[in-house]
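1. kindly generate the corresponding structure for this input.
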Amino acid sequence: MITRTSPTEEVAAFAATFKPAARVQVVGHWVWVEFQAKPNRDTLNRLNGGKGDSWTGFHWNRERGVWQHPCGHFSRHAPYDPRLKYQTEEV
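-> Model prediction:
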């Protein structure tokens with residue numbers, strides 16, 4: 001089960017299951033999932049998982065238009081695009 005403190009590799013493997021509908025990137029230690037079009041309700045439920053025990057830890061970042069997972073590396077909102085500061089890798 002994926003949680004907010006799951007390691008980056010585990011979260012990236014889970015996020016890769018949304019391909020090819022989504023672009024999946026590791027940005028620093030975080031995992032970002034970006035869909036070209038709004039995903040269907042089933043996909044959103046798998047990604048978001050709701051709250052409580054089924055919550056995967058992904059959250060929607062409206063400004064960047066991506067679902068993000070901190071992978072245990074919590075930080076405040078950056079006023080810059082983290083892809084320009086941290087190593088970015090396609091999954």
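2. residues touching residue 39, list them.
-> Counting by CB atoms under 8 Å, 6 or more residues apart in numbering, residue 39 touches 18, 21, 22, 47. C-beta here means a position set from N, CA and C on the backbone, and glycine is covered the same way.
3. what are the buried residues along stretch 60-71?
-> 64, 66, 67, 68, 69, 70, 71 (16 or more other CB atoms under 10 Å).
4. so which of those belong to strands?
-> 66, 67, 68, 69 (DSSP state E).
5. just these now: which is nearest residue 91?
-> Comparing those against residue 91 with CB to CB places residue 69 closest, at 11.8 Å.
6. quick revisit: from the contacts of residue 39, list the buried ones, please.
-> Looks like the contacts of residue 39 have 18, 22, 47 buried, using 16+ other CB under 10 Å.
7. in helices, which of those appear?
-> Taking DSSP state H, the ones among the buried ones among the contacts of residue 39 that sit in helices are residue 47.
8. want to throw the buried ones among the contacts of residue 39 into TSV with distance to residue 79?
-> Shown next, in TSV, are the buried ones among the contacts of residue 39 (distance: CB to CB, whole Å):
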residue	distance to residue 79
18	28
22	26
47	26
